[in-house]
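J.: Show me how the following folds:
(2 chains)
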2 protein chains.
Amino acid sequence: MKATIKDVAKLAGVSFKTVSRVINREPSVGEDLQRRVWAAIEELNYQPNLSARQLRGAPGFIAFIYDNPNSHYVIEMQHGLLAECRAQGYELLIHPLNSRSDGVQEELEQMLSHGHIAGLVLTPPFSETPELVAALRRRKLSFVRIVSGTADPAENEPCIFVNDYQAAFAITDYLAGLGHRRIAFLGGEDIHRSNMERRRGYLAALADRGIERDDTLIVPGEFNFDSGAERTRQLLTGDPRPTAIFAANDEIAAGALFSARISEVAVPQELSIVGFEDSPFSRQTWPKLTTAHQPNTAIAGSAASHLIASIRAARQGTDTATDALPDNGFLPTLVVRDSTCPPAQ
Amino acid sequence: MKATIKDVAKLAGVSFKTVSRVINREPSVGEDLQRRVWAAIEELNYQPNLSARQLRGAPGFIAFIYDNPNSHYVIEMQHGLLAECRAQGYELLIHPLNSRSDGVQEELEQMLSHGHIAGLVLTPPFSETPELVAALRRRKLSFVRIVSGTADPAENEPCIFVNDYQAAFAITDYLAGLGHRRIAFLGGEDIHRSNMERRRGYLAALADRGIERDDTLIVPGEFNFDSGAERTRQLLTGDPRPTAIFAANDEIAAGALFSARISEVAVPQELSIVGFEDSPFSRQTWPKLTTAHQPNTAIAGSAASHLIASIRAARQGTDTATDALPDNGFLPTLVVRDSTCPPAQ
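T.: Purely as a prediction, here's the structure:
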């Protein structure tokens, strides 16, 4: 027998008007109650009347906008977004864009003209591109940005911050604490603000430990395996060599590990290597990588949750409570494994 | 100045009625002409009138349904689907489902009740689940299935086939050709038909080479790193040991490589290892993995292309031309790298 709205109300222990409010995504119902109602809807496989929902502006599609060659990052972000979308009855649309192409804004506009998109989640570099953000603001579309940093007081719309600076400080401080003085920094592209923040954290920790900055050890490049391998190969021909490498992501670190192996430099005995992200393969390399765990799924879940709150607020003409956002952002935390040790004497 | 439909027609060198047909996704326009019109639309940033399009059943959302823990596979599939969706003016929605949960069909129904979904792309195991396929067929929804095999004459709707059997035969034959006789097969879950097809290809190649089947070398498990590592650890305690391992995917192979390293068994001198998929990390291990290249992006692109053709055909009430599908499916091809060599004497 087909479940009715009254069955859902009974199972959830609420009035059927509350069930209706939840289905229509009205903001007046608390999160706990909403989850109870959605759980009852799922358990009973209740099918809300579609035309009524459409009149209210449902269904909700959220679009995830990104440009990132890192599969693990993209998949973890998708997981986090999907979990929150599912809990709140939204569907997720994915729309990668090429940040190096001229027509990004036009393509975004074209996508939005398809209609039915309730809001956007923007990741770097788009979230950190002022022109794009201004264009979306003019369009009065709900969106949330994931950005590297800790505060952006000039902006009014919600941002999810990732504290790359502090995490990079902790990594560098850990290496210095082991006794390393020649610590190389293998960065990625500066189009990602996270790269600048990580380098800034690296430099601050060196200064804090009284280690002089050596620009020959700060090697620009790309956030990928080949770039990490090539730069490490070159660094290892230097004299004196670095005794530690802080790679700005795990792929660069994997490349560094590969080149150390080819150059017959023992890791960690002759060279310590640290990555950043804690992607699955950082636990599958030999030796396993010391890295910083970046809570991508939680970051994405938080982004979706704030976006949905802001969509609801926009529909009701109320303000979104941005003060609920964490003050110092999400902090990636150091995970010590087998690729680091004190330097050889 | 805002571009008009006449500007698009002029640039594309067609009548404005043709532009209108393309925008409304009518099937009467050839693929080449369609691409020319879309290119002109993009170049001029022409914004079609939304309400007119909505009346015709646009916009087109395609949903990608999957349950696969392999990030690379999912990302490559998404790339292939997105490329084709973009070329044809569709947006891609992603909806992973848990194939082990009871409510898969209900969840799918709930998603479809959101409306606006023009068609589905199903990957294993959903594409290989008869009840689910039958339910979708009853609903008269356009969908395309990616399945492991070469033919399924009982089915009328289009399938994209992947010839895992022949690829596994080629891998095993290659190892036998190097002189290996004790070749272990580390499979994944049988819920994936690809696993059964790969095992079938392995067994057929052994028989073809006159090598007797040894069931102690056929070790069931899961399609992941830990399962590959654990099974290899156990196999390497055996006497005699296998001289080669055919891992049913690259993650199992990476686990095998890891355990060989821990057990101080030299790869490839004492143990050859072959993976399956050619995921990016198969080029980043030490030694680099011999594997089979699975053309995931092309498989997904073909799936999206056939799905869109079948959506158009359904809207026009015509039949879809399934005879355009490749007869023997997509064939993963052997890629020889550094993890294989003849067995030691």
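
J.: Give me the domain ranges for chain A.
T.: A:5-48, A:61-163+A:296-316, A:165-292 (automatic domain parsing).

J.: Need the ones you listed in a markdown table (columns: distance to B:D190).
T.: (Glycine included, C-beta is placed from N, CA and C.) Below are these laid out as a markdown table (distance: least, C-beta to C-beta, whole Å):
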| stretch | distance to B:D190 |
| --- | --- |
| domain A:5-48 | 29 |
| domain A:61-163+A:296-316 | 25 |
| domain A:165-292 | 24 |
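
J.: out of those, which comes closest to B:I245?
T.: Among the domains of chain A, the nearest to B:I245 by C-beta to C-beta is domain A:165-292 (16.4 Å).

J.: any idea of the mean pLDDT in the closest one?
T.: Domain A:165-292 comes out with an average pLDDT of 96.

J.: And chain B, is that domain touching that?
T.: Yes - against chain B, domain A:165-292 shows contacts by C-beta under 8 Å from any C-beta of the partner chain at A:225, A:254-255, A:258, A:261, A:280-281, A:284, A:286.

J.: Grab the nearest non-local neighbour of A:R241.
T.: For A:R241, ignoring the flanking residues on the chain, the nearest one in space by C-beta to C-beta, 6 or more residues apart in numbering or on different chains is A:L235 at 6.7 Å.

J.: I figured A:R233 hits A:I262, correct?
T.: Yes - with contact defined as C-beta atoms under 8 Å, A:R233 reaches A:I262; the gap is 7.3 Å.

J.: thinking again about what came up before, mind giving me the ChimeraX command for buried ones among the residues of domain A:165-292 next to chain B?
T.: Here is the ChimeraX command that picks out the buried ones among those, judged by 16 or more other C-beta atoms under 10 Å in any protein chain shown:
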select /A:225,254,255,258,280,281,284,286
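
J.: Among the residues of domain A:165-292 next to chain B, give me the pair with the biggest separation.
T.: Using C-beta to C-beta, the two most remote members of the residues of domain A:165-292 next to chain B are A:R261 and A:P280, lying 20.2 Å apart.

J.: Shouldn't A:F246 be within a strand?
T.: Yes - according to DSSP: H, G, I helix; E, B strand; the rest coil, A:F246 belongs to a strand.

J.: who's in contact with it?
T.: By C-beta atoms under 8 Å, 6 or more residues apart in numbering or on different chains, the residues touching A:F246 are A:168, A:171-172, A:175, A:183-186, A:202, A:274.

J.: okay, stretch A:177-190 in PDB with CA atoms only?
T.: C-alpha atoms of stretch A:177-190 as PDB (Å, rounded to 0.1, in the frame of the first residue of the first chain):
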ATOM      1  CA  GLY A 177      62.000  20.000  15.100                       C
ATOM      2  CA  LEU A 178      63.500  16.700  13.800                       C
ATOM      3  CA  GLY A 179      66.700  18.700  13.200                       C
ATOM      4  CA  HIS A 180      66.400  19.500   9.500                       C
ATOM      5  CA  ARG A 181      67.800  22.800   8.300                       C
ATOM      6  CA  ARG A 182      67.900  22.400   4.500                       C
ATOM      7  CA  ILE A 183      64.100  22.000   3.900                       C
ATOM      8  CA  ALA A 184      63.000  22.400   0.300                       C
ATOM      9  CA  PHE A 185      59.500  23.600  -0.700                       C
ATOM     10  CA  LEU A 186      58.100  22.100  -3.900                       C
ATOM     11  CA  GLY A 187      55.000  24.200  -4.600                       C
ATOM     12  CA  GLY A 188      52.200  24.100  -7.200                       C
ATOM     13  CA  GLU A 189      50.600  26.700  -9.300                       C
ATOM     14  CA  ASP A 190      50.100  30.100  -7.700                       C
END
